[in-house]
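1. have a look; sequence and predicted model below, questions after that.
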Amino acid sequence: DWTPQHIVDELIESVRAQVGSGRVLLAISGGVDSSTLGLLLARAIGEQLTAVFIDHGLLRLGEREQVESALRPLGVNLVTVDASEQFLSALAGVSDPEQKRKIIGREFIRAFDREAEKYGPFEFLAQGTLYPDVIESAGGEGAANIKSHHNVGGLPEDLQYKLVEPFRYLFKDEVREVAALLGLPEAIRMRHPFPGPGLAIRILGEVTREKLDILQRVDDLFISGLREFGLYDQVWQALAVLTPIQSVGVMGDYRTYGYTAALRAVTSIDGMTAEFARLPYEFLETVSNRIVNQVHEINRVVYDVTSKPPATIEWE
Ligand code: XMP
């Protein structure tokens, strides 16, 4: 029978059989799939693995440190790269959402190739492909296109490497069970989906370091508030958006002219359709107060009450 322990034993064996004494490269995104794969490969092949985490500067507050402190103590040979300068200068002046995605995808591959060069040569590239991904890309060109559009963190089929995809027969739930067994902290294991382009598609319009800094603080108050109120696991995804809207507010004796932040939380099965989460007003009030009190650039907070369709989950 398929207990998580059996799955892990089998996966370790099949990885060892496939790679032998070869060296394996893995891109860590900070999500559950690639993190779990890092842990599995560390168990299976130890130092033959080099895991590379490209910090594009578009992550949540403290995310890189969280991933490092989860994976390194468990033996993952992890290289982290601060590439925020590279990404931000490539994004300068760009406000079109698809353009941003393209640039981020391109810069990601550049940064990753650079590290591969530095630490290589590698015979294998590991990917956290799951069973539903396999089915989806077998489903014709349309489906494959949607996938590639969404998969900035994934690499194109790069023929210079042989692919190692031990999760290609697993579903997400099974990966989470494997993750638990391998010791991945719950905060990463049960994490909401997070898009490859990160906060860049949650800053409407041009991405700047200043705006990133504002959004990271807003997002952190929202997400940590959800955890504190026991609501995090009840929503499928939650996010904050920094809008370019500036409006008048009042603080003590002064008028302010600050940005509007939008909060969004949805329930969903697979992200294809979604409903806005009916978060309690008390929670929204608390978080809104925290945001306007602690993030001075923001003087107004709104909650997104549209479902998908017709809206999307992200705002860009
Ligand atoms: P939308 O906004 O299309 O989002 O309703 C559905 C799910 O996909 C995620 N998403 C992305 N993920 N790269 C990604 O890796 C992207 O460019 C991208 N755009 C949207 C979104 O966060 C949600 O979970």
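-> Here it is on my side, so go on.
2. right, and the helix or strand after the helix or strand harbouring D219?
-> Following DSSP states H and E, one finds D219 within helix 209-228. Note on helix 209-228: by DSSP H and E, the next helix or strand toward the C-terminus is strand 237-251.
3. C-terminal to that following strand, what's the next element?
-> By DSSP H and E, the next helix or strand past strand 237-251 is strand 254-267.
4. please see if the very next helix or strand once past that next one touches the ligand.
-> Going down the chain from strand 254-267, the next helix or strand is strand 275-276, by DSSP H and E. No - Strand 275-276 lies apart from the ligand when judged by Cβ under 6 Å from any ligand atom; the minimum separation is 12.1 Å. For the C-beta atoms, the positions are set from N, CA and C on the backbone; glycine is no exception.
5. for stretch 89-108, same thing?
-> Yes - using Cβ under 6 Å from any ligand atom, stretch 89-108 reaches the ligand at R101.
6. I'd like the average pLDDT over that stretch.
-> The pLDDT scores in stretch 89-108 average 98.
7. cool, and stretch 252-267?
-> In the prediction, stretch 252-267 has an average pLDDT of 97.
8. quick one, the helix holding D219 and strand 254-267 angle?
-> 60 degrees (axes from the mean of the first three to the mean of the last three Cα atoms, to 10 degrees).
9. buried residues in helix 209-228?
-> The neighbour-count check on helix 209-228 (16 or more other Cβ atoms under 10 Å) flags 211-212, 214-223, 225-226 as buried.
10. can you check stretch 110-117 too?
-> Quick answer for stretch 110-117 (16+ other Cβ under 10 Å): 111-112, 115-116.
11. rebuild the buried residues of helix 209-228 as JSON lines, extending it with pLDDT and distance to N289.
-> Listed next are the buried residues of helix 209-228 as JSON lines, based on pLDDT from 0 to 100; distance: Cβ to Cβ, whole Å:
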{"residue": "K211", "pLDDT": "98", "distance to N289": "22"}
{"residue": "L212", "pLDDT": "98", "distance to N289": "23"}
{"residue": "I214", "pLDDT": "98", "distance to N289": "17"}
{"residue": "L215", "pLDDT": "98", "distance to N289": "18"}
{"residue": "Q216", "pLDDT": "98", "distance to N289": "19"}
{"residue": "R217", "pLDDT": "98", "distance to N289": "14"}
{"residue": "V218", "pLDDT": "99", "distance to N289": "13"}
{"residue": "D219", "pLDDT": "98", "distance to N289": "16"}
{"residue": "D220", "pLDDT": "98", "distance to N289": "15"}
{"residue": "L221", "pLDDT": "98", "distance to N289": "10"}
{"residue": "F222", "pLDDT": "99", "distance to N289": "12"}
{"residue": "I223", "pLDDT": "98", "distance to N289": "16"}
{"residue": "G225", "pLDDT": "98", "distance to N289": "10"}
{"residue": "L226", "pLDDT": "98", "distance to N289": "15"}
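12. hmm, back to that, possible to save the buried residues of stretch 110-117 as JSON lines with distance to the ligand, secondary structure and pLDDT?
-> Formatted as JSON lines, the buried residues of stretch 110-117 follow (distance: Cβ to the nearest ligand atom, whole Å; DSSP: H, G, I helix; E, B strand; the rest coil; pLDDT from 0 to 100):
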{"residue": "A111", "distance to the ligand": "16", "secondary structure": "helix", "pLDDT": "97"}
{"residue": "F112", "distance to the ligand": "15", "secondary structure": "helix", "pLDDT": "97"}
{"residue": "E115", "distance to the ligand": "20", "secondary structure": "helix", "pLDDT": "97"}
{"residue": "A116", "distance to the ligand": "21", "secondary structure": "helix", "pLDDT": "97"}
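13. circling back: relative to the ligand, which of the buried residues of helix 209-228 is nearest.
-> Of all the buried residues of helix 209-228, the ligand sits closest to D219, with 12.9 Å by Cβ to the nearest ligand atom.
14. what sits against that closest one?
-> By Cβ atoms under 8 Å, 6 or more residues apart in numbering, the contact list for D219 reads 60-61, 199, 202, 239-240.
15. make it 7 Å
-> The contact partners of D219, taken as Cβ atoms under 7 Å, 6 or more residues apart in numbering, are 60, 240.
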